[in-house]
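Participant: here's my sequence, what's the structure:
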Amino acid sequence: MDTTQDTDTQMDLTGQLLIAMPGMSDPRFAHSVVFLCAHSSDGAMGLIVNKAIDGVNLSDLFDQLSIEPKSPEATSTLHFGGPVETGRGFVLHSPEYKSDLSNLQVGATFALTTTQDILDDIAQDLGPHKALTLLGYSGWGPGQLENEIGDNGWLIADATDQIVFDTSNSAKWAEALKSIGVDPLTLSSAAGHA
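Facilitator: Residues are numbered from 1 along each chain as shown. Here you go, the predicted model:
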């Protein structure tokens, strides 16, 4: 009987949340919650969903792109999606919205759009019911994320629209931990291996 493992088999974490452990050494990811948009043997791509960009909001982005919002109250927060390509925009949103140009379905509950047409629609109150607008993304090369998980850098949780869209940024980390039965007050930055 062959007991070797298939090295090409890996778990697919697409559509899951990564929750940074307290000992996360990279300050850009400290207490972060990352929605994984893609995960394969080629690497992973995700968006930090709980870090706002200070002093900038959606109306500032509309001004920069010469988009005229239907109502001047378009002051939604812009989020820091990660340190890669920080000038590139992403909209993580509920799946009922369909873009004619670019729309990636991520599981049953989320979709990702990267083209300006979604911003035009949001400005005209024709966008998705729920959305986060993010600049930049988080990326990992082949095997890098798996190594970080193995080194106790991240915990994994199911992504829910409640956590991603309806929870305040300041509470998302704790709520994501609670969703997997972890009390944030008892979580240690030091973890052991069995």
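
Participant: low-confidence ranges in this protein?
Facilitator: For the chain, the stretches with pLDDT under 70 are 1-10, 72-75, 188-194.

Participant: now do the helices in it.
Facilitator: For the chain, the helices defined by DSSP state H occupy 58-64, 116-123, 144-150, 161, 169-179.

Participant: strands of this protein, residue ranges please.
Facilitator: 16-20, 33-40, 43-48, 52-57, 77-80, 84-93, 104-106, 110-113, 131-140, 154-158 (DSSP state E).

Participant: in a markdown table: these, plus mean neighbour count.
Facilitator: (C-beta placed from N, C-alpha, C; glycine too.) Shown next, in a markdown table, are the strands of the chain (neighbours: other C-beta atoms under 10 Å):
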| stretch | mean neighbour count |
| --- | --- |
| strand 16-20 | 24 |
| strand 33-40 | 22 |
| strand 43-48 | 22 |
| strand 52-57 | 13 |
| strand 77-80 | 20 |
| strand 84-93 | 18 |
| strand 104-106 | 15 |
| strand 110-113 | 22 |
| strand 131-140 | 21 |
| strand 154-158 | 17 |
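
Participant: for residue 148, find the nearest of those strands.
Facilitator: Residue 148 lies closest, by C-beta to C-beta, to one member of the strands of the chain: strand 154-158, at 5.8 Å.

Participant: to the chain's geometric centre, what's the distance from the closest one?
Facilitator: Here strand 154-158 shows a centroid-to-chain-centroid distance of 12 Å under the convention C-alpha atoms, centre = their mean, to the nearest Å.

Participant: same question, stretch 156-175
Facilitator: Counting by C-alpha atoms, centre = their mean, stretch 156-175 comes out at 10 Å from the chain centroid.
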